[in-house]
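In: my questions are about this predicted structure, shown below with the sequence.
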There are 2 protein chains.
Amino acid sequence: MHQTDGPQSAGGHRGVTPTVHLFPATPQTVHWGFFDPRLPPALTVTSGDLVAIETLTHHAGDAPDLLMDAGIRDVFERVDDRGPGPHILTGPIAVAGAQPGDVLQVDILQAAPRLPYGSNLAAHWGYLYGEIPVERVTVYELDPSAMLGRAMFAYDWTATPLADQIGTVVTPDANRREPALADVVVPLRPHFGTMGVAPAEPERVSSIPPGDHGGNIDNWRIAAGGRMYYPVQVAGALLSVGDPHVSQGDGEISGTALEASLNGLLRLKIRRDLAYSVPVLETATELLVHGFGSTLDEAMKAATLRTLAILKGQFGLSRADAYSFMSVAVDFTVTQVVDQRQGVHGRIDKRCFPNWPGAGA
Amino acid sequence: MHQTDGPQSAGGHRGVTPTVHLFPATPQTVHWGFFDPRLPPALTVTSGDLVAIETLTHHAGDAPDLLMDAGIRDVFERVDDRGPGPHILTGPIAVAGAQPGDVLQVDILQAAPRLPYGSNLAAHWGYLYGEIPVERVTVYELDPSAMLGRAMFAYDWTATPLADQIGTVVTPDANRREPALADVVVPLRPHFGTMGVAPAEPERVSSIPPGDHGGNIDNWRIAAGGRMYYPVQVAGALLSVGDPHVSQGDGEISGTALEASLNGLLRLKIRRDLAYSVPVLETATELLVHGFGSTLDEAMKAATLRTLAILKGQFGLSRADAYSFMSVAVDFTVTQVVDQRQGVHGRIDKRCFPNWPGAGA
């Protein structure tokens, strides 16, 4: 599983060839529906290593003729221990030496679709199920070169009374597949819906609600070019990655995104010089601070207070200065409203701080 | 007040020279703090006309040495009828022939600062006043060529016990002006915080809460290059414009934006081919649908249902298709959380509909 002749340019350390770990998703390397700090690591890496990771969509059964290959089918057939959440997670990955109080930095270097199809489910937990009380699958074909998707067909969910059986595989039925979204394209935004460290709960924790360990944040900006910071909760950090999406709007209204298996290339690094106690995303131009709550109002309040704290702690502003800056220049956006804990994130434009030394590498 | 030799290129009608109305903000052309359908028009135009409009910030008194000129001072000194809202509105502008059921299209062709300064107040109605219980003014200097602002100074509000007296003019006091936000720049986003038609209430209506008439939407994208659609509520439409901002983040957390007087160039047009019953913003690439509510959760629900309705009515999608599209490709963003009625808007990317004929001109 180790490959030591990986691309030197990806390592970022001059003169040191980084270790690249090939980490396929198999029945032995995935766990389905939960985080659990008691899970033994499926892979152990050294800070600075790269991981070429496979992540599988738990919606592959929505159109198995398109969304499954042999490797995916193997996981669906052989992993019976599922729940309480629906997400297939690859991991956990232990980072040797990581301790609570550290921050795990995850650079997302690549995120590419494994198969050129994806599925969106309008689910019974969707935001408008009260208004549109039908569960319905819409399958999209992906054009990764144009970074666009197009709907191929849709069908109402009838495989089970409700789409609440984890990993249901629906027998393809051409008669029930109806045209959908003619003449509409959607931009692709490949990202990991769920990525996080093991929470400090000595038990199985549902993969559904996001939290300070990260997890099911469902921010489509957690994508290639992005860097996530997770506050380490337990020894080894124990990163797990899954719930891959190829697109999603802010909100994830129907209850799911455009779900499709992704291959990723990640670099993991222990940071001891950062004080983040909440999951933060850094991009080339922005720092995004995630807040959560049982309502959108609670999530908004959390996002504003956390953004305020980071403007003080990371950017050195006084509370009064940070507050004015937030009103004038920080954008708050709905992350999602369908994951039991709702999310809002604040966007700090790093370009507003020409003299800021940055968070380092 | 009429000028018939305006720039032909701005009219958009080949061979017809549009009428350009010069519409300065004076004690005779502004109303302060309210909409009221009983107000006589300060200007009457024909559909298709241009209006070169002045809008004044009601925060000019925060630093009158910088934010006031003779024209602004005249309005502050001579307009005593103020409230219940704080906003100085220029208008109303009647559009001849506009009737309830029509849509008033407002193209924003220009929006430029009148003076190179702006003020942000952290107010007692701000979102984090519970956590930061100080009212404080931060004055910024604007660089319109670089489209950046920089804080010049800040001071705690002491002119009145609370900043709740409309149009207070604070005597400049160099000793109380403290440095603020050193080495920080903010991007300028000149826009009209409040623009709307008269509501169909036969009375004075506060300018604070936004609504289906538009009004205090506080979306920084209501800017040059944007086109607003307002459902006409009363005969003549009676558009009023004010609360000018030169920047704001999504949220407007401190209770105000970066407030500064703006000169605008607007084109007003009656549309009878559109069914919008809510305020909608169109830009070159996007359609933004505004929802409001007493909580952010209510505003989000309204924004999603209104976006759904427009995807059906304007883009011809079925409810099921629209719902999937919204989950995969529509972004929902906090507009503001400080205007009594909170706001969320949905962003439809028009580029997703290559064959859409558009909303017309």
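Out: Yep, that arrived. Computed from a predicted model, the values in this text were never measured in an experiment.
In: partner residues bridging the closest residue to A:Thr333 other than its chain neighbours?
Out: If you skip the residues right next to it in sequence, A:Thr333 has B:Thr333 as its closest partner in space, 4.8 Å away by C-beta to C-beta, 6 or more residues apart in numbering or on different chains. In this view, the C-beta of every residue, glycine as well, is placed from N, C-alpha and C. Beta-bridge pairing of B:Thr333, defined through DSSP bridges, involves A:Thr333, B:His345.
In: burial count for B:Thr333?
Out: Burial of B:Thr333, expressed as a neighbour count using other C-beta atoms under 10 Å in any protein chain shown, amounts to 23.
In: residue ranges with poor pLDDT in the stretch 1-150 of chain A?
Out: Within the stretch 1-150 of chain A, the stretches with pLDDT under 70 are A:1-15.
In: tell me what the closest residue to chain B within it is bridged to.
Out: Nearest to chain B, among the residues of the stretch 1-150 of chain A, is A:Thr138, at 4.2 Å (C-beta to the nearest C-beta). Beta-bridge pairing of A:Thr138 under DSSP bridges involves A:Asn120, A:Ala154.
In: could you do the one 5 residues further on as well?
Out: The bridge-partner assignment for A:Asp143, based on DSSP bridges, gives A:Leu148.
In: list the contacts for it?
Out: A:Pro116, A:Gly149, A:Arg150, A:Leu188 (C-beta atoms under 8 Å, 6 or more residues apart in numbering or on different chains).
In: thought A:Ala359 was touching A:Leu281?
Out: No - A:Ala359 lies out of contact with A:Leu281 (C-beta atoms under 8 Å); the separation is 11.4 Å.
In: anything in contact with each of those two?
Out: For the pair A:Ala359 and A:Leu281, residues contacting each of them under the criterion C-beta under 8 Å, 6+ apart are A:Tyr229, A:Leu287.
In: comparing those two, which residue is more hemmed in?
Out: Counted by other C-beta under 10 Å, A:Ala359 and A:Leu281 do not tie: A:Leu281 has more neighbours, with 23 against 18.
In: what's the spacing between A:Gly193 and chain B?
Out: In this structure, A:Gly193 and chain B are separated by 12 Å, where distance is defined by C-beta to the nearest C-beta, to the nearest Å.
In: show me what counts as buried in the strand or helix carrying that residue.
Out: Using DSSP states H and E, A:Gly193 sits within strand A:191-197. Within strand A:191-197, the residues that qualify as buried are A:His191, A:Phe192, A:Gly193, A:Thr194, A:Met195, A:Gly196, A:Val197, counting by 16 or more other C-beta atoms under 10 Å in any protein chain shown.
In: then stretch A:268-285?
Out: Buried residues in stretch A:268-285, counted by 16+ other C-beta under 10 Å: A:Leu268, A:Lys269, A:Ile270, A:Arg271, A:Leu274, A:Tyr276, A:Val278, A:Pro279, A:Val280, A:Leu281, A:Glu282.
In: hmm, it touching chain B?
Out: No - with C-beta under 8 Å from any C-beta of the partner chain as the threshold, stretch A:268-285 lies outside contact range of chain B, at a closest distance of 11.2 Å.
In: may I have the distance across that stretch, first residue to last?
Out: Across its full length, stretch A:268-285 reaches 21 Å end to end, with C-alpha to C-alpha, to the nearest Å as the criterion.
In: hmm, back to that, so the residue nearest to A:Thr333 touches A:Val334, yeah?
Out: Yes - counting by C-beta under 8 Å, a contact exists between B:Thr333 and A:Val334, whose distance comes to 6.4 Å.
In: overlap in contacts of the two?
Out: What both B:Thr333 and A:Val334 touch, as defined by C-beta under 8 Å, 6+ apart, is the set A:Asp250, B:Val344.
In: distance from the chain centre to stretch A:343-361, please.
Out: Distance of stretch A:343-361 from the chain centroid (C-alpha atoms, centre = their mean, to the nearest Å) equals 21 Å.
In: buried residues in it?
Out: Of all the residues in stretch A:343-361, those buried under the rule 16+ other C-beta under 10 Å are A:Gly343, A:Val344, A:His345, A:Gly346, A:Arg347, A:Ile348, A:Asp349, A:Lys350, A:Cys352, A:Phe353, A:Ala359.
In: for chain A, longest helix please?
Out: Among the segments of chain A that qualify as a helix by DSSP state H, the longest is helix A:296-313.
In: tell me the helix or strand right after it.
Out: In the C-terminal direction, the helix or strand that comes right after helix A:296-313 (DSSP H and E) is helix A:319-329.
In: right, and out of the contacts of A:Asp143, which lies closest to A:Leu109?
Out: Of all the contacts of A:Asp143, A:Leu109 sits closest to A:Leu188, with 17.4 Å by C-beta to C-beta.
In: is stretch A:83-100 in proximity to chain B?
Out: No - contact of stretch A:83-100 with chain B (C-beta under 8 Å from any C-beta) is absent, the minimum separation being 15.7 Å.
In: and that stretch, what's buried?
Out: By neighbour count with 16+ other C-beta under 10 Å, stretch A:83-100 contains the buried residues A:Gly85, A:Pro86, A:His87, A:Ile88, A:Leu89, A:Thr90, A:Gly91, A:Pro92, A:Ile93, A:Ala94, A:Val95, A:Ala98.
In: same check on stretch A:22-39?
Out: Counting neighbours by 16+ other C-beta under 10 Å, the buried set in stretch A:22-39 is A:23, A:25-26, A:29-37, A:39.
In: likewise for stretch A:295-313?
Out: Buried residues in stretch A:295-313, counting neighbours by 16+ other C-beta under 10 Å, are found at A:296-311.
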